[in-house]
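K.L.:
Would you be able to build a 3D model of this:
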Amino acid sequence: MEDHISTLHDVFAATARRHPELPAVELSESSISYAELERAAEALAESLTAAHGRVRSVALLAARSAVAYAGYLAALRLGAQVVPLNLKYPPRRNSAICELADVDVIVADASGQQWLAHCPSGTGPARPVLGLTDEELLAAVPDGSLPPASVGPDDIAYLLFTSGSTGRPKGVPIRHRNVLAFLAHTVPRYEVGPGCRMSHTFDLTFDLSVYDLFVTWGGGATLVVPEAAELLSPVDYAVNRRLTHWFSVPSAVSAAAGLGGLPAGRGPGLRYSVFCGEQFTYAQAEAWSGFASASVVENIYGPTELTLACAEFRLPKERRDWPETVNDTVPIGTVYPGLEYVVTDDGELCVRGPQRFDGYLDPRDNTNRFLGPAEHEGHDGPDGGALSEAHYYRTGDRVRREDDGTLIHLGRLDNQVKIRGYRVELGEFETLLRRHPGVREAVVVPVQHRDATELMACYTGEPAREADLRRSLAAGLPVHLVPHVFLHVESMPLNPNGKIDRAIVAKLVAEQAKLTRP
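P.N.:
So this is what the prediction gives:
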């Protein structure tokens, strides 16, 4: 990263100076150059200042539009934190996020304005709105009235909200320096530069969208924006839009396979394929490697609190060279250079370094989320002393460290449940179920049935007789731990971030249990 770059806006502006004529964004029927997008963002920043004075927190109610990208850059240009809202969220959740983030103004594109118009009275965010269309945005001309931004690497770049255990959104502030550390490693690793055409599969409320935008713009590449229909057909999106770099959750591979497969060799233009967000199974990796035969395939891992990703594993080109893992998933590999980690006695991965955030928006959420500088020093909360750079963030993920230092992701700590007095790891059940012939994806969830907690399974692929599935699992499990319900579905339900939605899976199998075992 260049010495003068200290913010995310600097990342984009530096590329706009070097390559003003290159396309920064390609929409379905038009493209926007770096110069044009910079001009639009500057004009939008001027409009925000003229209407609202000094703004410190800007919400984006926009998705995959010129307004969304210019709005993101305009907020950064003003030194404000970006707070993405989701058009798929209910009004009360977006309203709660605006309250918690103390949003000054909402920037809304045409879809966002329509969303606001349909909010029931009293449920939408009570904030000023600057609404405009892509056409209005791109026609605006800045007058040069904005002073230089007074913002630095220690300021907050964006604020995202995850679902906290209390039911209220949990704010994760990420500072410019956190993202710059990630970009310094990632842009050169994937050889991102002019001429590269990058996927954009993540909504702005998912932290991995920051990869989409700023890995692209940091290298001078083009962000190729899909239409809604293209997101449902990853193969056609990758091939027809001539992508060179792919980045998505692994579930996109399963979705593509469910729509007729991944034809071998059809994606020769892909040079890099990177997956993140959930476990990446070897079955998914094989399917994608066959489709994108010339592509490097890599699995990366990391929670929002560690700024997008903190570990990586590049699959060897030949299938025979892939390492065996206990759960048939691609390793998460090794932690990024510049980061440090420890694995606790119960297998939890804890990481510190320049990508680690400085704590939640509400300090109460820091309780039991950090590990002291020494591995066994204890957990710090609001009353456990000041949070320092020496503290490790507790990811909540269980890992296994191989002899060569490679890390295998085993699952969430909270995926361990007690069934009939036995503590079991749900990931082990899912691994065994995926090994059954014809099964593609598998999710096992605990469901309260009558007066007991029982395991129930949901799977995709070829329908199978329940007796065969039980027999297959019984070969590796005690009989009393074999799931009682097996529900076949065409595809797994996904949450707005594209990950498998385990809560919906639990509801589906619970309904199946009622039908088959009243």
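K.L.:
When you work out contacts or count neighbours from here on, use the C-alpha atoms and nothing else.
P.N.:
Fine.
K.L.:
ok, and what's touching stretch 498-515?
P.N.:
Stretch 498-515 has contacts (CA atoms under 8 Å, 6 or more residues apart in numbering) with 202, 249, 251-252, 277-278, 443, 445-447, 449, 456-458, 485-487, 492-495.
K.L.:
tell me the SS of Val444?
P.N.:
Per DSSP: H, G, I helix; E, B strand; the rest coil, the local secondary structure of Val444 is strand.
K.L.:
Report the beta-bridge partner residues of it.
P.N.:
Ala457 (DSSP bridges).
K.L.:
Quick check: Asn366 vs Leu116, distance?
P.N.:
Separation of Asn366 from Leu116 (CA to CA, to the nearest Å) stands at 33 Å.
K.L.:
Can you pick out the residue with more neighbours from those two?
P.N.:
Legend: neighbour count by other CA atoms under 10 Å for Asn366 and Leu116, higher for Asn366 (20 against 17).
K.L.:
what's the spacing between stretch 248-258 and its chain's center?
P.N.:
Computed by CA atoms, centre = their mean, to the nearest Å, the chain-centroid distance of stretch 248-258 equals 14 Å.
K.L.:
Tell me the buried residues in it?
P.N.:
For stretch 248-258, burial by neighbour count (16 or more other CA atoms under 10 Å) applies to 248-258.
K.L.:
got a pLDDT number for Arg470?
P.N.:
Looking at Arg470, its pLDDT is 88.
K.L.:
Tell me if it really is in a helix.
P.N.:
Yes - checked against three-state DSSP, Arg470 lies within a helix.
K.L.:
And it, how far from Asp397?
P.N.:
Look at Arg470 and Asp397: by CA to CA, they are 28 Å apart.
K.L.:
next one: Pro234
P.N.:
29 Å.
K.L.:
Look at those two and report which has more neighbours.
P.N.:
With neighbours defined as other CA under 10 Å, Pro234 and Asp397 compare such that Pro234 has more, 23 against 19.
K.L.:
isn't the more buried one right next to Ser254, touching?
P.N.:
No - here Pro234 does not reach Ser254: they are 10.0 Å apart, not a contact under CA atoms under 8 Å.
K.L.:
Find the nearest non-adjacent residue to Thr162, please.
P.N.:
Ranked by CA to CA, 6 or more residues apart in numbering and with sequence neighbours excluded, the top spatial neighbour of Thr162 is Lys170, at 5.1 Å.
K.L.:
for this structure, which spans come out with low pLDDT?
P.N.:
Applying pLDDT under 70 to the chain flags the ranges 1-3, 163-168, 259-260, 374-385, 415-416, 418-423, 449-452, 479-480, 517-518.
K.L.:
all helices for the stretch 1-150 of the chain, in order.
P.N.:
8-18, 34-52, 66-77, 91-100, 110-117, 134-139 (DSSP state H, counting those that start in this stretch).
K.L.:
actually the stretch 401-518 of the chain, not the one I typed
P.N.:
Counting by DSSP H, counting those that start in this stretch, one finds helices in the stretch 401-518 of the chain at the ranges 426-434, 466-474, 502-516.
K.L.:
Among the ones you listed, show me which one is buried the most.
P.N.:
Among the helices of the stretch 401-518 of the chain, helix 426-434 has the highest mean neighbour count (mean count of other CA atoms under 10 Å), at a mean of 20.
K.L.:
Need the CA coordinates for it. CSV is fine.
P.N.:
C-alpha atoms of helix 426-434 as CSV (Å, rounded to 0.1, in the frame of the first residue of the first chain):
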residue,chain,number,x,y,z
LEU,A,426,-23.0,-31.3,15.0
GLY,A,427,-20.2,-31.0,12.3
GLU,A,428,-19.3,-34.6,12.8
PHE,A,429,-22.8,-35.7,12.0
GLU,A,430,-22.9,-33.5,8.9
THR,A,431,-19.6,-34.9,7.7
LEU,A,432,-20.9,-38.5,7.9
LEU,A,433,-24.1,-37.6,6.2
ARG,A,434,-22.3,-35.8,3.3
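K.L.:
when you compare where the helix or strand hosting Ile174 runs with where helix 8-18 runs, what's the angle?
P.N.:
Per DSSP states H and E, Ile174 falls inside strand 169-175. Interaxial angle of strand 169-175 relative to helix 8-18 (axes from the mean of the first three to the mean of the last three CA atoms, to 10 degrees): 50 degrees.
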